[in-house]
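In: just a sequence and a predicted model for now, questions to come.
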Amino acid sequence: MEKYLKDTAILNYHAQEIVTLIKEHNWNDLNEFDKIGAIYDYVQNKILLGYNKYDNLSATQILADGIGQCNTKATLLMALLRAVDVHCRLHGTKVTKVFQRSLMPKIMAKLAPQLIIHTWAEVYYNGEWLSLEGVICDKVYIYGLKKLFPDHKGKFFDYAVAVKDFNNLQIDWNGKNTTVQQQAVVEDLGIFDSPDEFFTEYKQEYRGTKKFLYEKIGRKLMTKKAAKIRRYGSEQ
């Protein structure tokens, strides 16, 4: 189990920024359940849903960005959990791009590969591995979606959300699995000790012009669209 506590180039939790963050929040003083819950809440709601330039950013780079999507939030969550001696690992998959269609500019929707690399952190708690995928979308963003679709019931498959029941979201840590995008999974890539191991083997299928457009334009427009929905969610 010690491998699930190791720091790596990406999970660089010995960096001063992370040491300071943990001390400021007194996370090391909590019991295991509350450690997971407090760190989960921080990554979910302080690191807002947004699209980073790269998937393989280090934990400190993600912290500096202040935004994250599935892959980058998984990295930061893992780094913070390991820093307080909570065992965690990475689950790798591929998802269909369709569930993000309304966040994507039309040109990006056309240029993006059909399948997108998607990961989430799994935590070892109470003798079992649990998914923490529900950390991806911050709650104010979810509130915005619920205001946009007040009458929606059942399956929701858009705006970076892919769930069976939109009215019964499992996105809060309560000692069980959390999920917000797993209904978009079309291929399971397995379990990995760290993001470093995963991204050595798997990368997004963006190349050349497509990669340039995503990094320079597409991701920024998607982040702005998410922010617009979040503003809607924060209105009284």
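Out: Thanks, I have it. Numbers count the residues shown, from 1 in each chain.
In: parallel or antiparallel, which strands does the strand ranked longest in the chain pair with?
Out: Ordering each strand of the chain by length in residues (DSSP state E) puts strand 115-125 first. Applying DSSP bridges to the sheet, strand 115-125 is found paired with strand 88-96 (antiparallel), strand 128-131 (antiparallel).
In: beyond the last one, next helix or strand please.
Out: What it means is strand 128-131. In the C-terminal direction, the helix or strand that comes right after strand 128-131 (DSSP states H and E) is helix 139-148.
In: and that next one, what other elements does it pack with?
Out: Judged by 3 or more C-beta pairs under 8 Å, 6 or more residues apart in numbering; DSSP states H and E, helix 139-148 is in contact with helix 32-45, helix 219-234. (C-beta placed from N, C-alpha, C; glycine too.)
In: report the mean confidence score over the first one.
Out: Right, helix 32-45. Mean per-residue pLDDT for helix 32-45: 98.
In: how far out from the middle of the chain is it?
Out: 13 Å (C-alpha atoms, centre = their mean, to the nearest Å).
In: for that helix, buried residues please.
Out: Within helix 32-45, the residues that count as buried by 16 or more other C-beta atoms under 10 Å are K35, I36, G37, A38, I39, Y40, Y42, V43, Q44.
In: ok, now stretch 130-139?
Out: By 16+ other C-beta under 10 Å, the buried positions in stretch 130-139 come out as L130, S131, L132, E133, G134, V135, I136, C137, D138.
In: distance check, the residue sitting nearest the centre point of the chain against A59.
Out: Nearest residue to the geometric centre of the chain (C-alpha atoms, centre = their mean): C70, 2.8 Å. For C70, the distance to A59 equals 15 Å [C-beta to C-beta, to the nearest Å].
In: cool, G66 as well?
Out: According to C-beta to C-beta, G66 and A59 sit 13 Å apart.
In: okay, E122: pLDDT?
Out: Note for E122: predicted pLDDT of 98.
In: list the buried ones in the host helix or strand of I18?
Out: I18 is part of helix 16-25, with elements assigned from DSSP H and E. Judged by neighbour count (16+ other C-beta under 10 Å), helix 16-25 contains these buried residues: I18, L21, I22.
In: okay, those residues in TSV with distance to P150 next?
Out: TSV is the format used below for the buried residues of helix 16-25 (distance: C-beta to C-beta, whole Å):
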residue	distance to P150
I18	39
L21	37
I22	39
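In: about what we covered before: quick check: which of the strands paired with strand 115-125 is buried the most?
Out: strand 88-96 (a mean of 21; mean count of other C-beta atoms under 10 Å).
In: so what touches that strand?
Out: Applying C-beta atoms under 8 Å, 6 or more residues apart in numbering, the contact partners of strand 88-96 are 4, 74, 77-78, 81-82, 114-124, 129, 131-132, 162, 181, 184-195, 197-198, 202.
In: next, count neighbours for L49.
Out: 28 (other C-beta atoms under 10 Å).
In: please name the bridge partners of it.
Out: Beta-bridge pairing for L49 (DSSP bridges): G68.
In: okay, the helix holding I18 in CSV with CA atoms only?
Out: The C-alpha trace of helix 16-25 is given here as CSV (Å, rounded to 0.1, in the frame of the first residue of the first chain):
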residue,chain,number,x,y,z
GLN,A,16,5.8,24.5,-0.1
GLU,A,17,2.5,25.7,-1.6
ILE,A,18,0.9,22.4,-0.7
VAL,A,19,2.5,22.1,2.7
THR,A,20,1.3,25.6,3.6
LEU,A,21,-2.2,24.9,2.3
ILE,A,22,-2.6,21.8,4.4
LYS,A,23,-1.3,23.6,7.5
GLU,A,24,-3.7,26.5,6.9
HIS,A,25,-6.7,24.2,6.9
